[in-house]
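Student: Curious how this folds, go ahead:
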Amino acid sequence: MRFCKIAQRELIEEMEKSMMGDARNRTAVQEFTLEGFPSVQPLGKVLFLVHLLAYLASIMGNTLIITITWADHRLQTPMYFFLSSFSFCECCFITTVIPKLLAMYLSRRKSISFAACFTQAFVFLFVGTTIFFLMAVLSLDRYLAICKPLYYPTVMNPRMCFLLVTACLALGFFLMVVPVILLSQSSFCGPHVIPHFFCDFGPLTKLSCSDTRSIEMLAFAMDSFVLLTSLIITIIAYSNIVFTIVCLPSAKERQKAFFTCSSHLIVLSLMYSSCVLIYMKPKQTTSLDSNREAALVNTVVTPLLNPVVYTLRNKQVHQALRDALSRIRLQR
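Tutor: All right, here's what the predicted structure looks like:
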């Protein structure tokens, strides 16, 4: 009996030590270090200027779209409501990543706190997911406007537009919040260097000391659902649009419609290809070097192209801008 009590006491002590060790491991990493782009570090000031100009141009372009859409009554239609929502999400998306990247170019301090890192990861994934669903909604809007013009005013009423945007936000939030919370509750006992220029989900799973296979599979399932669902909706919508365009009697109308669709599809292909390369991997065990370049395209190049392709080339927007500038001159 005495031997059993001693053995039991020793077992309890060992369990207490183990639990204390796990607690220390969970709190060992208070901050992470973002590696960024070490191979181009000597060009930091040049890259800072390039990315700053791209960031400002993207913010200005998207802000201009939002402002002109809400200021001009002629642009207060379902399509421009979706485009202004899309532009707002783009501003949030790039602001989540680019300011920190700019600070890294100018400063040697590349650390980010544990809470800030996971907040950045969640906001990035949440807004990015919302953008993909909004792109699918935009495709459906164009499909109804071109292929079903008689039903368009009835289906795309203000209430439906508001519900669709709200649904995109809700889906983005609930699909991404669970994997990020689960990963944040796992152990991080070192190393603390993230081989990326922001806190992305994949690099964070590689730094965890816990078994993250179930979390990785959940994230893979969520990413696959988001990308494939939005891609299938977009493909079906644009296939019907192209078929309708082919049936147009005027060659000039067909050429104009194809030119517009081709520019849209270029932006879509950039976004989908970069995200498939980064996220649609069941195991985050491959090299992350290529992911950094793909993520840079997704966070810098595509948001810069979107305002030009989707809105600023539009004649209605050009006319609204000219009218706004004329009103400003008359007020002076």
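Student: can you list contacts of the strand or helix carrying His318?
Tutor: Per DSSP states H and E: His318 is located in helix 315-331. With contact meaning C-beta atoms under 8 Å, 6 or more residues apart in numbering, helix 315-331 is reached by Leu64, Ile65, Ile68, Ala71, Asp72, Arg74, Leu75, Thr311. Backbone N, C-alpha and C define where each C-beta goes, glycine included.
Student: Now list the buried members of the residues you listed.
Tutor: Leu64, Ile65, Ile68, Asp72, Leu75, Thr311 (16 or more other C-beta atoms under 10 Å).
Student: excluding its backbone neighbours, what's nearest the most centrally placed residue in the chain?
Tutor: Nearest residue to the geometric centre of the chain (C-alpha atoms, centre = their mean): Gly128, 2.1 Å. Closest residue to Gly128 apart from its sequence neighbours, by C-beta to C-beta, 6 or more residues apart in numbering: Phe93 at 6.1 Å.
Student: is it true that Ser230 touches Phe132?
Tutor: Yes: with contact defined as C-beta atoms under 8 Å, Ser230 and Phe132 form a contacting pair (4.3 Å).
Student: hang on, the earlier thing: in helices, which of the buried ones among the contacts of helix 315-331 fall?
Tutor: Counting by DSSP state H, the part of those found in helices is Leu64, Ile65, Ile68.
Student: Correct me if wrong: the second one contacts Ser84.
Tutor: Yes: in terms of C-beta under 8 Å, Ile65 counts as a neighbour of Ser84; the distance is 6.1 Å.
Student: Any chance of the ones in helices among the buried ones among the contacts of helix 315-331 in a markdown table with distance to Phe225 as columns?
Tutor: Shown next, in a markdown table, are those (distance: C-beta to C-beta, whole Å):
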| residue | distance to Phe225 |
| --- | --- |
| Leu64 | 33 |
| Ile65 | 29 |
| Ile68 | 34 |
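Student: Report the residue spans of the protein with pLDDT below the cut-off.
Tutor: When residues are selected by pLDDT under 70, those of the chain lie in 1-29, 253, 256-260, 262-263, 280-290, 310-313, 332.
Student: how about the strands of it, start to end?
Tutor: Ranges of strands in the chain, per DSSP state E, are 31-34, 111-113, 193-194.
Student: Neighbouring strands - and their directions - for the shortest one?
Tutor: Going back to what we said before, that points to strand 193-194. Its sheet considered, strand 193-194 pairs with strand 31-34 (parallel) by DSSP bridges.
Student: got the contact list for the partner strand?
Tutor: Residues from elsewhere that reach strand 31-34 (C-beta under 8 Å, 6+ apart): 100, 104, 110-114, 117, 192-194, 196-199, 207.
Student: who wins for neighbours among the residues you listed?
Tutor: Highest neighbour count within the contacts of strand 31-34, by other C-beta atoms under 10 Å: Cys199, with 25 neighbours.
Student: OK, contacts around that residue?
Tutor: Counting by C-beta under 8 Å, 6+ apart, Cys199 has contacts Phe32, Leu34, Ile112, Cys117, Phe118, Gln120, Ala121, Phe124.
Student: Equivalent analysis for Arg74, please.
Tutor: Counting by C-beta under 8 Å, 6+ apart, Arg74 touches Gln316, Gln319, Ala320.
Student: where's it relative to Val317, distance?
Tutor: With distances taken as C-beta to C-beta, to the nearest Å, Arg74 is found 10 Å from Val317.
Student: Repeat that for Ala116.
Tutor: Ala116 is 37 Å from Val317, by C-beta to C-beta.
Student: Compare the two and say which is more crowded by neighbours.
Tutor: Between Ala116 and Val317, counted using other C-beta under 10 Å, the more crowded position is Val317 (22 against 14).
Student: buried sites along stretch 131-150?
Tutor: By 16+ other C-beta under 10 Å, the buried positions in stretch 131-150 come out as 131-146.
Student: Just name the closest of those to Tyr238, please.
Tutor: Nearest to Tyr238, judged by C-beta to C-beta, of these is Ser139 at 6.3 Å.
Student: Next, count neighbours for Val242.
Tutor: Counted with other C-beta under 10 Å, Val242 comes out at 15.
Student: Name the nearest residue to it, sequence neighbours excluded.
Tutor: Once flanking residues are discounted, Val242 sits nearest to Cys261: 6.7 Å by C-beta to C-beta, 6+ apart.
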